[in-house]
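Participant: just coords:
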């Protein structure tokens, strides 16, 4: 610490350009045209950090326009002068930037989120620092600001592209820091203004950079696996990361606009892995139940209540599966049948409502996986709150039409079957029908004007017409159908299969499924190269987020339990890789194996370096003993050298070169001498002894 204080006291200073008190550090270690490698590393470091910020915040025109100027500022030859304009003008522009930025915050009334504010402010500060003279202090601040941009985006985004950029950034950061250290060390030692050149200098800094990078990667991996994870997620962080990852939102309501997920119909919504039982051939995946209609859209009813009835079931009718969301954000687990048990991470049970919904307490992100048990039964009717046919939203025209269609029918089942059949036969299904005019009832417009609609229109019309004839009914949003993958017991559901149907009380005991849509789901069975690429990207991104971004206490507990079993001699590969947490255990074991291998290689390489230097020397001396110029390999270098030079005078120069290379490699301060140089000098010495004297 005292050394650093003395260094700071001895740094050259100059007056503050704004005229205030105090001085500003003017030390510039990057001089003239030297340290070109540092300039390239620093420019690449800034480009990568700004690119990472663009992943989360979009390619804003401000960043795109200013990034070339930032690169020019880092590549300029004279770091002692400001770039483009004067230092005072830069500071005035930055002050104006702060004023405009604060005014924008006031005008938008908090629409700009705190993370975005941090990104913009950090970017603006970084730009200003690059326009000023790049003294050593400013260079250090530029490096720190790039670290800040990376840290902000590491919290906000779980995008796999950020995961690919992060190792590149770490390598550039280590290279920039190391080259900056070399530049400052050269200046502080009053060396020549030109850096050392040649292979020795390159091997010196590149070798250390590689070593530092490996060590940083090793320590980061150890910390990632073993540092304790928090018990609870940070409030709002999950939703922020979900939005950053580009997860599709399903509006769990029917607003008669475009179908949910239309922006990426072929993208995978979720995956299902069946553990026990058999999946129905054409399953309906139930989501939220929508009961209220206000004349414009359908929405949820009252607050969710737990399942009040005790469901008894036998194992033979149970379906156990893992629900793994991909590009899906929701608060409900989509299930087929009636859910009886559901649990999430750390085996926390989920709420199963009286409507047959399995709810979670936060939006789904595609890092989570859920264990669900269902039975193929209809949802029972609540005994404490028997459903009633809600007349809200039922207009006179809809009531008249429903009564005309069911005039001669008496049973609720016959009425429901007739209405669904008439809708299916006389109306046209279109995935993207014409938009309903503003202020017009969408159900009336579908029934009496357009006669064209998608599953939401058919479900809404069927529900209101059933209520018009006194039958309790409600809408269920979800998915219809499934797609088998190449893996056993694994299925995927795409957004193109988003669907809506009706549940009605026809017998007084259960909710019966009714579907009036002529088409169930979308025809998305076609295959192709683009489909394979999209699926591969979705699956890779899901594994990245699940196994890296959201590596949590449950994964750590699985690894620690496996280590305990290994220590007790109860380790079984079959049990390990067949367990639910097998992917994480495999990843943990692979990471541990890599770390152990890296540690062993580094240790052996350092020991080998010390041992091999002596081995090369002794091997060379033994060759000279066989050549007859040494009676015995003496323990002292001086004895061997004197005897060799005395018996072979022509080897004096080769002997001097060999000893110089050997001693510099073993006791020198740098790593500029390689094993190849020592071996080459040893071979030259042996040849000089065997060569005929002139």
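Facilitator: Right, received. Where do you want to start? Computed from a prediction, not measured in an experiment: that's the story for all the values here. Numbers count the residues shown, from 1 in each chain.

Participant: Quick check: residue 317 vs residue 81, distance?
Facilitator: 80 Å (Cβ to Cβ, to the nearest Å). Using the backbone N, CA and C atoms, a C-beta is placed for each residue, glycine as well.

Participant: cool, residue 173 as well?
Facilitator: In terms of Cβ to Cβ, residue 173 sits 26 Å off from residue 81.

Participant: if you count what's nearby, which of those two comes out ahead?
Facilitator: Per other Cβ atoms under 10 Å, whichever of residue 173 and residue 81 has more neighbours is residue 173, with 20 against 13.

Participant: how about the residue nearest to that one when sequence neighbours are not counted, what does it touch?
Facilitator: Of all residues not flanking residue 173 in the chain, residue 45 sits nearest, at 6.2 Å (Cβ to Cβ, 6 or more residues apart in numbering). Contact partners of residue 45, counting by Cβ atoms under 8 Å, 6 or more residues apart in numbering, are 143, 146, 169, 172, 173, 176.

Participant: Secondary structure of residue 45: a helix, I assume?
Facilitator: Yes - the assignment for residue 45 by DSSP: H, G, I helix; E, B strand; the rest coil puts it in a helix.

Participant: Assess the claim that residue 505 and residue 474 are in contact.
Facilitator: No - assessed by Cβ atoms under 8 Å, residue 505 is found out of contact with residue 474, at 9.3 Å.

Participant: what residues are shared contacts of these two?
Facilitator: By Cβ under 8 Å, 6+ apart, the residues touching both residue 505 and residue 474 are 387, 511.

Participant: tell me the domain boundaries of the chain?
Facilitator: 2-195, 248-394+473-529, 599-690 (automatic domain parsing).

Participant: quick one, which of the ones you listed is packed in tightest?
Facilitator: Highest mean neighbour count among these (mean count of other Cβ atoms under 10 Å): domain 248-394+473-529, with a mean of 18.

Participant: Rebuild the domains of the chain as TSV, extending it with mean pLDDT and distance to residue 413.
Facilitator: Formatted as TSV, the domains of the chain follow (pLDDT from 0 to 100; distance: least, Cβ to Cβ, whole Å):
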stretch	mean pLDDT	distance to residue 413
domain 2-195	72	49
domain 248-394+473-529	80	5
domain 599-690	77	72
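
Participant: Need those in TSV (columns: distance to residue 406).
Facilitator: Below are the domains of the chain laid out as TSV (distance: least, Cβ to Cβ, whole Å):
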stretch	distance to residue 406
domain 2-195	51
domain 248-394+473-529	13
domain 599-690	78
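
Participant: Residue 405: which of these is closest?
Facilitator: Among the domains of the chain, the nearest to residue 405 by Cβ to Cβ is domain 248-394+473-529 (12.0 Å).

Participant: Look up phi and psi at the residue lying closest to residue 505 once chain neighbours are set aside.
Facilitator: Leaving aside its chain neighbours, residue 505 sits nearest to residue 472 (4.4 Å; criterion: Cβ to Cβ, 6+ apart). Torsion angles at residue 472 (phi, psi; degrees, to the nearest 10) stand at phi -60, psi 130.

Participant: mind listing what residue 472 touches?
Facilitator: 387, 388, 389, 390, 466, 504, 505.

Participant: what about 6 Å?
Facilitator: By Cβ atoms under 6 Å, 6 or more residues apart in numbering, residue 472 lies in contact with 387, 388, 389, 505.

Participant: how near is it to residue 388?
Facilitator: 6 Å.

Participant: try residue 428
Facilitator: Relative to residue 388, and taking Cβ to Cβ, residue 428 is found at 33 Å.

Participant: One more: residue 681?
Facilitator: 98 Å.
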